[in-house]
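In: next input, structure requested:
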Amino acid sequence: MYGDSTRTQLLARTSAFVALITLGSWISIPFLPIPFTLQTMFVLLAGAIMQRRAVIPVLFYILLGIFNIPVFHNGFSGIGVLLGPTGGYILGFVPAALLVGIAYEYRSSAIRIISIVVATLLILVLGAVWLLYSTSISLPSALLFGIAIFLPGDILKGACVYLTAQRVR
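Out: Residues are numbered from 1 along each chain as shown. You can find the predicted model right below:
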């Protein structure tokens, strides 16, 4: 890696975003069945900063959790978390980071904002579908507890991602 600043930068950013996503998962407000966390903000920020390579720290984050490193919400770990009610949200991080990352390869502010909105909705919809499947709750309950309740906070997190990415880039 000596002399290869691109690889060094990728490694540093990957490490930083794995740490930030983990930190965001530990900053949580317990709520049943899904807690409120800051993970999505750091996943989307990774996409905005690392572009399409943001998939790398997100996949590392998920792998660390699968290998029983306590990186998931409230310090949980293991494959059981992915099979539980929060699994759809966590797995939704991968396409969301890729979507925002690809959008941030373009200079258009509109494309960037739309990607943050669509990526957020993608995480919420995948999470709600998995919540519906894994807990056998009704569709209206899944929409309420899996999507609607998170929208105000996710709007605020999306705005933070956009403004932070403008300053960093």
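In: quick check: chain neighbours aside, which residue is closest to Pro33?
Out: Residue nearest to Pro33 in three dimensions, not counting chain neighbours: Pro85, with 4.4 Å by C-beta to C-beta, 6 or more residues apart in numbering. (Each C-beta comes from the backbone N, C-alpha and C, glycine too.)
In: pull the number of nearby residues for that neighbour.
Out: Number of residues near Pro85 (other C-beta atoms under 10 Å) recorded here: 21.
In: report the secondary structure state of it.
Out: coil (DSSP: H, G, I helix; E, B strand; the rest coil).
In: if I look at it, how far off is Leu122?
Out: 18 Å (C-beta to C-beta, to the nearest Å).
In: the residue nearest to Pro33 is in contact with Trp130, isn't it?
Out: Yes. Using C-beta atoms under 8 Å, Pro85 makes contact with Trp130 at a distance of 7.3 Å.
In: pretty sure Ala96 is touching Ile116, no?
Out: No. Assessed by C-beta under 8 Å, Ala96 is found out of contact with Ile116, at 9.2 Å.
In: contacts only, for Leu98.
Out: Gly47, Arg52, Ala54, Val55 (C-beta atoms under 8 Å, 6 or more residues apart in numbering).
In: residues contacting Ile29?
Out: Pro35, Phe36, Thr37.
In: beta partners for the last one?
Out: Bridge pairing for Thr37 (DSSP bridges) gives the partners Ser28.
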